[in-house]
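**Student:** okay, predicted coordinates and the sequence, questions at the end:
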Amino acid sequence: MFMSDRDDLIHSNARVGMSKSPNETREASRLDTLALNGVAEANQVAQTKRWATSRWVHQPSAAPTAKIAPSRFAFRENGENVAEVSQLRQYKPIHPSFQILRRQCLKPVLSAVMGQPTEHEAHELPTRDMADEIDRLADAADANAQEHELTFWEALRLYPKGVLWSIVMSTGVVMEGYDAKLVGALYAQPAFQKAFGTHVKGNSYQISAPWQTGLSNGSAAGQLIGLLLAGYLSERFGFRKTMMGGLATIVAFIFMTFFAPNIVVLAVGQTLFGALALGFSLYMYLLHPRILTRVWASLGVPLGLFQTVPVVYALEISPLCLRPYLTNYVNSCYVIGQILATGILRGVLDIENEWAYRIPFAVQWVWPIILIPLLFFAPESPWWLVRKGRLEEAKKVLQRLTSPQNTNFDIDKNVTMMVATTEHERTVNEETSYQACFQSTNLKRTLIVIGIYCVQTLNGNPLRGYSTYFFQQAGLPTTQAFNLGVIGYCVALIGGIVSWMMLPFFGRRTMYFWSLVLMLLIMVLVGGIGVAQSHSANSSYAWAIGSLIVISSFLYNCSIGPLTNTLCGELPSTLLRSKSIVLARWTYIVTHIVACVLTPYQLNPTAWNWGAKTGFFWAGGCLISVVFAFFYVPEPRDRTPAELDILFETNVPPRHFAKTRVDLSTTLFERDVKTA
């Protein structure tokens with residue numbers, strides 16, 4: 001209870017302490033002096049004193065518990081114990097990201113509370129500004145505690161509009177999945193083969209391996225540029241405007257793809273985007289100038305934006321317990337795009353002219369027409385607004401994202417938590433450039449995120465991307481190959497739903513690691529059946545291979561695929577999240593380009609013609625992934641960004657994150673971390 005006047009404060013201060021030590025005498029003198037300066041200043045001191053002694057409230061928490069050494073001092077007011085600052089082993093810890101502010105105001109306050117202020121600290125006891133800062137920390141700690149305690153259904157009721165806007169933003173990823181599947185599936189379409197392929201034995205045509213390489217990697221090369229742009233554009237202009245710009249740009253690029261057989265359109269594509277093509281794409285431009293490679297590379301630039309923006313946006317507008325579900329949905333959107341591409345190509349399979357592949361290109365116009373008007377009304381990320389210093393706008397956005405019926409949610413405290421976390425990360429690393437991702441503790445975080453993205457390639461994802469063509473080369477009729485492709489992607493979508501159901505019961509690391517082990521076994525089986533198939537033309541081998549690929553697709557989409565977005569969104573620092581994901585995705589695309597060079601040669605009968613024996617190659621990639629996951633993939637479940645900051649800064653081995661807790665006393669003073 002605050003003092004109502006100067007005399008009460010002086011009498012109360014005279015009774016503070018268990019004995020009249022010199023330190024306590026100095027403290028009482030300091031408080032008396034402040035009281036003489038006015039009741040307002042005295043009230044501020046009383047507020048600080050009350051916070052320091054009674055801030056810790058005993059209540060259950062889902063957060064890891066912490067310990068603090070017992071104190072030897074307690075305040076007394078009017079002869080009664082206000083609070084004992086002792087035996088706090090079961091008490092909720094202060095948010096660890098606020099250590100930087102401790103140096104300014106917490107240490108002298110706590111030293112005074114415990115009756116042990118140094119002579120220097122006696123002159124540092126809180127002024128009005130320091131007390132305000134302590135109140136700010138207390139509010140942030142409350143917001144952090146509330147976020148830990150939210151259950152799934154409580155969070156869903158609190159953030160219904162936030163969930164809907166995240167779904168809208170993630171729908172743009174459908175375009176990326178559609179485009180990724182469209183390329184590989186066209187290789188098995190007779191009309192496309194006849195228009196752009198070469199005649200082989202009998203009356204059939206094949207897109208040669210070099211042409212397949214150019215088509216697949218042209219889009220990937222453009223995405224490299226789009227990804228780098230996404231990191232800068234999203235931080236400068238915000239996620240909403242970046243996404244709208246990418247969608248508007250892609251409308252024009254689809255025209256170029258739709259009319260690609262025209263040499264004039266190809267020339268325009270070369271003029272506008274020839275400089276964006278890299279590596280193998282440049283090689284293909286020079287070697288085969290009449291195919292769609294140049295135009296496809298231009299289309300990949302805005303697609304690169306869609307790979308980063310939705311994931312970061314989902315993380316920044318949702319509470320802790322909803323983030324894995326919303327980032328998993330991003331992967332489901334990718335699968336939905338693949339299902340649509342395979343289904344539409346199956347529907348136009350019997351068309352024998354150029355409309356068999358023009359119609360699938362034209363379908364891509366649907367998403368920008370729908371999404372641009374919706375995104376115009378979408379809220380910006382409150383974390384982005386905080387990073388830009390626009391705190392009032394951040395509060396208005398949180399008001400839009402949350403339900404007004406929940407009276408326990410404090411918008412001001414949540415914005416305060418965002419500010420404190422951002423300030424802490426800026427003290428650790430003031431820069432937010434790409435170079436900062438490779439400095440200090442951010443180096444480890446960046447390399448882990450890069451490795452997780454590269455596992456997507458190493459576990460055989462390129463082979464699944466060519467599934468329709470792979471089924472055809474494995475011996476299935478063209479119609480059945482397309483049918484099985486549709487089934488495979490429907491099963492993959494079910495896998496995404498199963499992933500949501502598994503998340504409450506299993507940790508990210510557990511699901512990720514054991515899925516890779518099972519993927520390794522599947523790829524070994526595919527390769528083994530391929531060896532048997534080379535000695536026998538039995539059609540059952542083709543169906544067995546197809547079934548295993550479908551099972552691997554289910555396994556990938558209930559664990560590895562969606563968890564990649566979740567892990568890579570949670571592990572970087574909030575300041576460098578966009579750029580870390582960009583670098584990881586950029587590296588993934590480089591590895592994917594290499595894989596897409598190899599895969600056509602592995603499968604094509606005019607090249608290496610490995611067929612199903614390709615499974616052995618990807619089994620080796622799975623083995624590398626298993627080793628990486630065991631040693632380097634941490635468990636970020638139920639950890640706030642600030643808690644992850646502490647774990648990385650104190651060099652806790654990634655595989656020990658789940659059993660590590662932060663010691664409260666050392667969080668406030670030395671931020672040491674002890675492993676249980």
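**Tutor:** Okay, I see it.
**Student:** CA atoms for contacts and neighbours, from now on please.
**Tutor:** Will do.
**Student:** contacts for stretch 324-338 next, please.
**Tutor:** Applying Cα atoms under 8 Å, 6 or more residues apart in numbering, the contact partners of stretch 324-338 are 163, 166-167, 170-182, 310-311, 314-315, 489, 492-493, 496, 499-500, 503, 557, 561-563, 565-566.
**Student:** give me the pLDDT for Gly528.
**Tutor:** For Gly528, the model assigns a pLDDT of 92.
**Student:** which residues touch the residue nearest to it when sequence neighbours are not counted?
**Tutor:** Of all residues not flanking Gly528 in the chain, Lys613 sits nearest, at 6.9 Å (Cα to Cα, 6 or more residues apart in numbering). Lys613 sits next to 526-531 when contact means Cα under 8 Å, 6+ apart.
**Student:** how far away is Lys613 from Phe376?
**Tutor:** As defined by Cα to Cα, to the nearest Å, Lys613 lies at a distance of 49 Å from Phe376.
**Student:** about what we covered before: restricted to helices, list the contacts of Lys613.
**Tutor:** Mapping the contacts of Lys613 onto helices (DSSP state H) picks out 526-531.
**Student:** let me have those residues in TSV, adding neighbour count and distance to Arg400 as columns.
**Tutor:** TSV is the format used below for the ones in helices among the contacts of Lys613 (neighbours: other Cα atoms under 10 Å; distance: Cα to Cα, whole Å):
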residue	neighbour count	distance to Arg400
Val526	25	51
Gly527	22	53
Gly528	17	56
Ile529	18	55
Gly530	24	56
Val531	16	59
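**Student:** any idea which of the residues you listed is the one closest to Lys396?
**Tutor:** Closest approach to Lys396 among the ones in helices among the contacts of Lys613 (Cα to Cα): Val526, at 54.2 Å.
**Student:** surely that closest one is in contact with Trp543?
**Tutor:** No. If you go by Cα atoms under 8 Å, Val526 and Trp543 don't touch, sitting 11.1 Å apart.
**Student:** let me know the helix or strand that Arg637 is in.
**Tutor:** Under DSSP states H and E, no helix or strand contains Arg637.
**Student:** same deal with Leu374?
**Tutor:** Using DSSP H and E, Leu374 maps to helix 366-376.
**Student:** which parts of that helix are buried?
**Tutor:** By neighbour count with 16 or more other Cα atoms under 10 Å, helix 366-376 contains the buried residues 367-368, 371-372, 375.
**Student:** now do that helix: everything it contacts.
**Tutor:** 168-169, 172, 175, 240, 243-244, 247-248, 250-251.
**Student:** swap in stretch 352-360?
**Tutor:** So stretch 352-360 is in contact with 182, 186, 190-192, 195, 258, 341, 344-345, 348-350, going by Cα under 8 Å, 6+ apart.
**Student:** will you turn the contacts of Lys613 into TSV that also has distance to Thr457?
**Tutor:** As requested, these are exported to TSV (distance: Cα to Cα, whole Å):
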residue	distance to Thr457
Val526	17
Gly527	18
Gly528	21
Ile529	22
Gly530	21
Val531	23
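**Student:** what's the closest of those to Gln472?
**Tutor:** Gly530 (13.7 Å).
**Student:** wouldn't that closest one be in contact with Gly611 here?
**Tutor:** Yes. Between Gly530 and Gly611 there is a contact under Cα under 8 Å: 6.8 Å.
**Student:** how many neighbours does Ala314 have?
**Tutor:** Neighbour count for Ala314, taken as other Cα atoms under 10 Å: 29.
**Student:** quick one: secondary structure of it?
**Tutor:** Assigned by DSSP: H, G, I helix; E, B strand; the rest coil, the conformation of Ala314 is helix.
**Student:** please verify my assumption that it contacts Val168.
**Tutor:** No. Here Ala314 does not reach Val168: they are 10.1 Å apart, not a contact under Cα under 8 Å.
**Student:** where does Thr441 fall, phi/psi-wise?
**Tutor:** Thr441 adopts backbone torsions of phi -70, psi -20, taken as degrees, to the nearest 10.
**Student:** domain map for the chain?
**Tutor:** Listed by automatic domain parsing, the domain ranges of the chain are 6-58+67-82+90-116+128-144, 152-378+429-638.
**Student:** can you tell me which of those domains the model trusts least?
**Tutor:** Across the domains of the chain, domain 6-58+67-82+90-116+128-144 has the smallest mean pLDDT, namely a mean of 46.
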